[in-house]
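S.K.: need coordinates for the following:
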Amino acid sequence: MSDPRSEVPGGNGHVVPAPESLCSEVPARRPSAGKLEALPEAIRVLPADFVKRHRVLPLAISGGTLRIATADPGNQRVIDDIRLLTGLEVSESEVPAAEIAEKIAESYQLTVEQLVENFGPEAGVALESRNLHDIEVMANEPTVINLVNVIISTALRERASDIHLVPFEHTLQLRYRIDGLLHEKPPPPKQLHAALISRVKIMADMNIAERFMPQDGHIQINHRGARVDIRVGTMPTIYGESMVMRLLEKNSKVLTLQELGLDDKRASVMSHLVEKPHGLFLATGPTGSGKTTTLYSILNGIYAPEKKILTIEDPVEYELAGVAQIPVRPNRGFTFANGLRSILRQDPDVIMVGEIRDSETAEIAIRAALTGHQVFSTLHTNDSAGAVTRLLDMGVEAFLISSSLEGVLAQRLVRRICRECIGEYTVTDAMRARLAQFGGRKLAGRYQQGTGCEECRGTGYRGRIGIFELLVINGELRELILQRRSSAELKAAASKWMITLHQDALQKAADGITSLEEIVRVSSGDQTE
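M.R.: Sure thing, here's the model as predicted:
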């Protein structure tokens, strides 16, 4: 308990002496019910440092009484301080401390907009006028440190996967990638560009003096009890360095294939494929389509103490219990190819190669699959059949692919409709025409879309789910691979039993998981039924 004569901050930012004692009865407590709602007029009456220190949250003001949430009801000192600060009576609701802390962080979080508003033009000019010898001093100024911290914490709070900071002639662009799309935010002053980039470089142990060559770095922070890895990349442009920070929460739960969006029937087929004692299985799709997440889900599902599982990745994105994960070090000559050779000498049962990027890695992975290992990896192709063509283009012999490849899972990520604002959607003629290019399947059933709300920040979407195309390599396909047939011929042969990406997307729209607009945005126009 603090000294009665200690000072407490006032609501206007001034410091006032705390009272010795204000004798009054503690108001009756009311139990908390439902989700915490803190009204803006209530939040404004108590300063952030006070509510964080005492773990109380102002909820609403009614009839001269301030209703607060607290995990420690009946604390007379806190009630007296609140009365002094606000001039209001106090009514308490008992709420778990964790719930209060989360709502306080949300309600009192300093935003990038607020910090930017506080920057006067003279501050930017002062920074801009300094020479390069002062760059480290600039990067360590409290103003810059606070701004970088707020940019990162806001991105984490808004579930962003990436932060983009790009300079132009007169402006500095700040954008967050949320659910796969970039959202523009109020930018910091252009004059702070060099200081912001330098600050992040210091955090990532990068060379702040090198501004004309690309650099990569790494930052590790703790956010609300979770460990977050930040991959930093800089690139020189005509107006200065562009920077991207990728945010990876290491404590994230590994989802099952069904939770990722695979239906029960194909998940069962997948389980059969990945439990084979040897062979190659590939996940394909563009960058950011969730391929590595899918492979983590597979490894987590097949893990057993009697199996030795090794991965080689660039970088290690999430940590898997019981799995030895190895990051590549290209600057030290430790690449996927020579790392894979070393892994084979470690007597593994299962190997995951983060990505097959060249013919050498491809051939080693395939030969490992032929010599009694389960091998999982990723490729950048538009569909599942394209994986075979890509391997052939890399120079891998057709008989090696035919003998080793067991299955290919192509995937994309589509945004989920926000469950708080989901509503009926009437399919327009224009939408039917746009979907006709995917094979002309007639739309049947009722469709939904999000109207936009506070929960989804007006987008109508919250979170993402996968759409999948599973190609199982059977005898017919192996013969076509030996004949070096095209991906179109392979896909046509598999179409009798394979659900395509577009078909899966349409089914998820019919089930009210995603919208038809999202299917049009994500699906590629050359996919047919």
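
S.K.: chain center to the helix ranked longest in the chain, what's the gap?
M.R.: Ranked by residue count and defined by DSSP state H, the top helix of the chain is helix 142-157. With CA atoms, centre = their mean, to the nearest Å as the basis, helix 142-157 stands 17 Å off its chain's centre.

S.K.: just checking, what packs against that helix?
M.R.: helix 112-118, strand 160-167, strand 172-178, helix 193-203, strand 215-223, strand 240-249 (3 or more CB pairs under 8 Å, 6 or more residues apart in numbering; DSSP states H and E). Heads up, the C-betas are built off the backbone N, CA and C, glycines and all.

S.K.: for the ones you listed, which one sits closest to residue 431?
M.R.: The closest of these to residue 431 is strand 172-178. By CB to CB, the value is 24.5 Å.

S.K.: now the stretch 201-350 of the chain, which segments are flagged as low pLDDT?
M.R.: 251 (pLDDT under 70).

S.K.: now do the helices in it.
M.R.: For the stretch 201-350 of the chain, the helices defined by DSSP state H, counting those that start in this stretch cover 257-260, 264-274, 291-302, 336-344.

S.K.: angle of the third one against helix 264-274?
M.R.: Between the axes of helix 291-302 and helix 264-274, defined by axes from the mean of the first three to the mean of the last three CA atoms, to 10 degrees, the angle is 80 degrees.

S.K.: buried sites along helix 291-302?
M.R.: Buried residues in helix 291-302, defined by neighbour count with 16 or more other CB atoms under 10 Å: 291-300, 302.

S.K.: got the end-to-end distance for stretch 473-487?
M.R.: With CA to CA, to the nearest Å as the measure, the first residue of stretch 473-487 is 13 Å from its last.

S.K.: what are the contacting residues of that stretch?
M.R.: Outside stretch 473-487, the residues that touch it by CB atoms under 8 Å, 6 or more residues apart in numbering are 383, 385-386, 388-389, 392, 398-399, 401-403, 405-408, 471, 489-490, 493-494.

S.K.: number of residues surrounding residue 315?
M.R.: Residue 315 has 15 neighbouring residues, counting by other CB atoms under 10 Å.

S.K.: isn't residue 360 right up against residue 341?
M.R.: No. Between residue 360 and residue 341 no contact is recorded; they are 9.6 Å apart, counting by CB atoms under 8 Å.

S.K.: who has more neighbours, these two?
M.R.: Shown here are residue 360 and residue 341; by other CB under 10 Å, residue 360 has more neighbours (17 against 14).

S.K.: using PDB, write out every CA atom in the longest helix of the chain.
M.R.: Provided in PDB are the C-alpha atoms of helix 142-157 (Å, rounded to 0.1, in the frame of the first residue of the first chain):
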ATOM      1  CA  PRO A 142      12.800   9.600 -26.900                       C
ATOM      2  CA  THR A 143      10.500  10.900 -29.500                       C
ATOM      3  CA  VAL A 144      11.800   8.400 -32.100                       C
ATOM      4  CA  ILE A 145      12.000   5.500 -29.600                       C
ATOM      5  CA  ASN A 146       8.400   6.100 -28.600                       C
ATOM      6  CA  LEU A 147       7.100   6.300 -32.100                       C
ATOM      7  CA  VAL A 148       8.800   3.100 -33.200                       C
ATOM      8  CA  ASN A 149       7.400   1.300 -30.100                       C
ATOM      9  CA  VAL A 150       3.900   2.500 -30.800                       C
ATOM     10  CA  ILE A 151       4.100   1.600 -34.500                       C
ATOM     11  CA  ILE A 152       5.000  -2.000 -33.600                       C
ATOM     12  CA  SER A 153       2.600  -2.400 -30.600                       C
ATOM     13  CA  THR A 154      -0.300  -1.000 -32.700                       C
ATOM     14  CA  ALA A 155       0.400  -3.400 -35.500                       C
ATOM     15  CA  LEU A 156       0.400  -6.300 -33.000                       C
ATOM     16  CA  ARG A 157      -2.900  -5.100 -31.500                       C
END
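
S.K.: shift numbering so it begins at 51
M.R.: Got it, the first residue is 51 from now on, which makes the last one we talked about helix 192-207.

S.K.: buried subset of the contacts of stretch 523-537 as a ChimeraX selection?
M.R.: Of those, the buried ones go into a single ChimeraX selection, burial set by 16+ other CB under 10 Å:
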select :433,435,436,438,439,442,448,451,452,453,455,456,457,458,521,540,543,544
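
S.K.: what's the burial count for the nearest residue to residue 510 once chain neighbours are set aside?
M.R.: Nearest non-adjacent residue to residue 510, counting by CB to CB, 6 or more residues apart in numbering: residue 500, 2.7 Å away. As a burial measure, residue 500 scores 25 neighbours (other CB under 10 Å).

S.K.: right, I'll call it a day here.
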